[in-house]
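>>> when you get a sec, could you give me coordinates for this:
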Amino acid sequence: MRLTTGARLGPYHVLGLLGAGGMGEVYKARDVRLDRTVAIKVLSREFAANRDRRERFEREARAVAALNHPNICDLHDVGEAPDPEAQGSQTDSIPFLVMEYLEGQTLADRLVRGPLPIREVLRHAIELASALDHAHQQGLVHRDLKPGNVMLTRDGAKLLDFGLAKLRPAPDLISLPTISPEDPLTVEKALLGTFPYMSPEQLAGRDTDARSDLFAFGAMLYEMASGRRAFEGSTTATLIGAILHTDPPPLSSVEPLTPPALDRVVSRCLAKDPENRWQTARDLMLELKWIAEHAQQSLTPVARPVRKTWKVGLLAAAVLAILATVVTAFNVAYARRGPTGAAMMRLTFSPPEGLTLADLDIGGPVMISPDGRQLAFVATGQDGRQLLWVRPLESLDARALPETDGAVLPFWSPDSESLGFFSQGKLKRIQIDGPAPQTLCDAILPRGGTWSRHGEILFAANVARALYRIPAAGGIAVPLPADGFNTERHWPVFLPDGRHYVYFARPQQWGIFIATLDSSDVRLLLSDYVSVDYAPGYLLGLVGSSRSTRAGTLMAHPSIPHASS
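You can find the predicted model right below:
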């Protein structure tokens, strides 16, 4: 039943259509009694004509109206609208719901622009898990959890549309979620729902409970963090098969910066057997809070207020971590290879007991020395100090370097005897077996550094996102000329000849550029890549653009001969 602007439903004055779906239409309206804007959902005639479902809807609507949670859209009222097309049917009215009117955008609309930053993913996931916990404790299972039923507002995420919620326990025939008329996987709207978020037990027609919501939650969380659906298929049959029989790629393989604990949370939500999932939304919420608190502690600077203005993309930091690991294995094997060639090597690293490794986007990745013998990393001790640490590969004992409080983004000297790093708005260097560090120059908002075999350091810093050049022994930092392509240049890496260097740049031209010291020669080397590092004979880079079919793939490219001598 379609309402026109200006129509009246009791005290509600219809202002216009907001949207439509399989269960009916949603309108913006004005409650003239309380002088507030509301949203009214008028249910479809087919839904209203089924007496059993109508009675059940009215019973459960009263239960939903009793929910009181900051992350659940309030249900204010339930009413009935006369049906002008009843014509002797078993009902002459259509039920409608009066809900809180929310300003913002749905999570589905936000995901069109790609994945959410990890901080936002965790924040909204905690809010939604809390909302589900509240509903489940009241005996309500949502059964239609999906991005289209989540509204992102200034005050946080709001869970919408409990219209298909059921009071447990209530064995029943499968009740399928609402669908979007534009959904290409929907063939018959009266029977099919939003398949990508349905649990295996829903698809199999078995009874559902709170754990079915947690499966849908996991699918939605996967999409929030990665920008892609957990389950996909070109046809309805292949999609159902994927949900019933296959597991999605690990979240960390799609979005490298994903905290391992979050990867575990999602995997457990998406278990095929409900017994293997999280058993309550509360347990899930507490786990998410732990992840968020741990991440926040790692992201909190020690005596570094400038960190509040840190805006480096999380993906670039993740890329550096991946490349550091790959280059570590490659360089160690290369340095120690015998006459028959290099053997495959694998390296894992865990911080020593009592230390917390700094998050990648703050402290930077673990860095192996050029001689393949030592590791450098940033970690926080039990005293709360964030310091620069070194550890020989042959030992499990690490030691903190003196007076390196607030250190971030370390990089090695070519002789493996010193480290460059950033701390308290300065670029500094320190001998690993020497005294206190030497301050070289100012460096606000650092974006990485690199040290050439000729004793020069390049680093990216400051609001202008510029590249600077300074003698490693100390001197004046000189900005390199703008390259004419970009406004931001990050993560410089010297090539072995000490003259050529590569860097990531954005936003006018996104990719890896190669340039030469004392020359204006700059050219695009790898389009759509977000970071690069050097291994003997190769440039290792990660494709980062969502426009590429190889996004998230680590690639090896033969390095430029004259730059790798």
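
>>> rest of the way, CA atoms for contacts and neighbours
Noted.

>>> what segments of the stretch 51-200 of the chain are helices?
51-65, 107-111, 118-137, 200-203 (DSSP state H, counting those that start in this stretch).

>>> which other helices and strands does the last one contact?
Helices and strands in packing contact with helix 200-203 are listed as helix 236-245; criterion 3 or more C-alpha pairs under 8 Å, 6 or more residues apart in numbering; DSSP states H and E.

>>> and the helix or strand that the helix it packs on is followed by, what's buried?
Counting by DSSP states H and E, the next helix or strand C-terminal to helix 236-245 is helix 251-254. Along helix 251-254, these residues count as buried under the neighbour rule (16 or more other C-alpha atoms under 10 Å): Leu251, Ser252, Val254.

>>> what residues does helix 251-254 touch?
Tyr222, Ala225, Ser226, Thr258, Pro259, Pro260, Asp263, Val266, Gly552 (C-alpha atoms under 8 Å, 6 or more residues apart in numbering).

>>> pull the contacting residues for the fifth one.
Residues in contact with Pro259 (C-alpha under 8 Å, 6+ apart) are Ser252, Ile291.

>>> could you measure from it over to Arg506?
When C-alpha to C-alpha, to the nearest Å is the yardstick, Pro259 and Arg506 sit 26 Å from each other.

>>> likewise for Ser423?
Here the criterion is C-alpha to C-alpha. By it, Ser423 lies 25 Å from Arg506.

>>> then Leu288?
33 Å.

>>> the two: which is more packed in?
Leu288 (21 against 17; other C-alpha atoms under 10 Å).

>>> the more buried one - nearest residue in space that isn't next to it in sequence?
Excluding the flanking residues, the one nearest Leu288 by C-alpha to C-alpha, 6 or more residues apart in numbering is Ile126, at 6.1 Å.

>>> domains in this protein, by residue range?
Domains of the chain are assigned by automatic domain parsing as 1-101, 104-299, 305-563.

>>> average pLDDT across the last one?
With pLDDT averaged residue by residue, domain 305-563 scores 76.

>>> for the longest strand along the chain, packing partners?
If each strand of the chain is counted by residues according to DSSP state E, the longest one is strand 12-21. Applying 3+ C-alpha pairs under 8 Å, 6+ apart, one finds that strand 12-21 contacts strand 24-31.

>>> buried residues in the strand it packs on?
Along strand 24-31, the positions that meet the burial threshold by neighbour count (16+ other C-alpha under 10 Å) are Gly24, Glu25, Val26, Tyr27, Lys28, Ala29, Arg30, Asp31.

>>> the first one contacts Ile40, correct?
No: with contacts counted by C-alpha atoms under 8 Å, Gly24 stays clear of Ile40, the gap being 10.3 Å.

>>> pull stretch 6-17 out as CSV, backbone CA atoms only.
Taking only C-alpha atoms (Å, rounded to 0.1, in the frame of the first residue of the first chain), the coordinates of stretch 6-17 have been written out as CSV:
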residue,chain,number,x,y,z
GLY,A,6,0.3,14.6,3.2
ALA,A,7,-1.5,11.4,4.1
ARG,A,8,-2.5,11.0,7.7
LEU,A,9,-2.2,7.8,9.8
GLY,A,10,-3.8,8.9,13.0
PRO,A,11,-1.5,11.5,14.6
TYR,A,12,1.2,10.9,12.0
HIS,A,13,1.6,13.2,9.0
VAL,A,14,3.4,11.5,6.1
LEU,A,15,6.2,13.7,4.7
GLY,A,16,7.6,11.4,2.0
LEU,A,17,8.8,8.0,1.1
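
>>> just the buried residues of that stretch, please?
By neighbour count with 16+ other C-alpha under 10 Å, stretch 6-17 contains the buried residues Leu9, Tyr12, His13, Val14, Leu15, Gly16, Leu17.

>>> in a markdown table: these, plus pLDDT and distance to Pro200.
Converted to a markdown table, those look like this (pLDDT from 0 to 100; distance: C-alpha to C-alpha, whole Å):
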| residue | pLDDT | distance to Pro200 |
| --- | --- | --- |
| Leu9 | 83 | 40 |
| Tyr12 | 89 | 40 |
| His13 | 89 | 42 |
| Val14 | 89 | 40 |
| Leu15 | 91 | 40 |
| Gly16 | 87 | 38 |
| Leu17 | 88 | 34 |
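
>>> will you turn the residues you listed into CSV that also has distance to Leu388?
Compiled in CSV, the buried residues of stretch 6-17 are given as follows (distance: C-alpha to C-alpha, whole Å):
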residue, distance to Leu388
Leu9, 67
Tyr12, 64
His13, 64
Val14, 63
Leu15, 61
Gly16, 60
Leu17, 59
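
>>> and of the residues you listed, the nearest to Ser520?
Sorting the buried residues of stretch 6-17 by distance to Ser520 puts Leu17 at the head of the list, at 57.9 Å, by C-alpha to C-alpha.

>>> thought the closest one was touching Tyr27?
Yes: under the criterion of C-alpha under 8 Å, Leu17 is in contact with Tyr27, at a separation of 4.4 Å.

>>> wait, doesn't Asp161 sit right on Asn149?
Yes: between Asp161 and Asn149 there is a contact under C-alpha under 8 Å: 6.2 Å.

>>> Three-state assignment for the residue nearest the centre of the chain, please.
When the chain is reduced to its mean C-alpha position, the nearest residue by C-alpha atoms, centre = their mean turns out to be Ala225, at 3.2 Å. Secondary structure assignment for Ala225 (DSSP: H, G, I helix; E, B strand; the rest coil): helix.

>>> ok, it touching Asp263?
No: using C-alpha under 8 Å, Ala225 and Asp263 do not qualify as a contacting pair, with a distance of 9.9 Å.

>>> hmm, back to that, neighbours of the residue nearest to Leu288, just the number please.
Residues contacting Ile126 under the criterion other C-alpha under 10 Å number 23.
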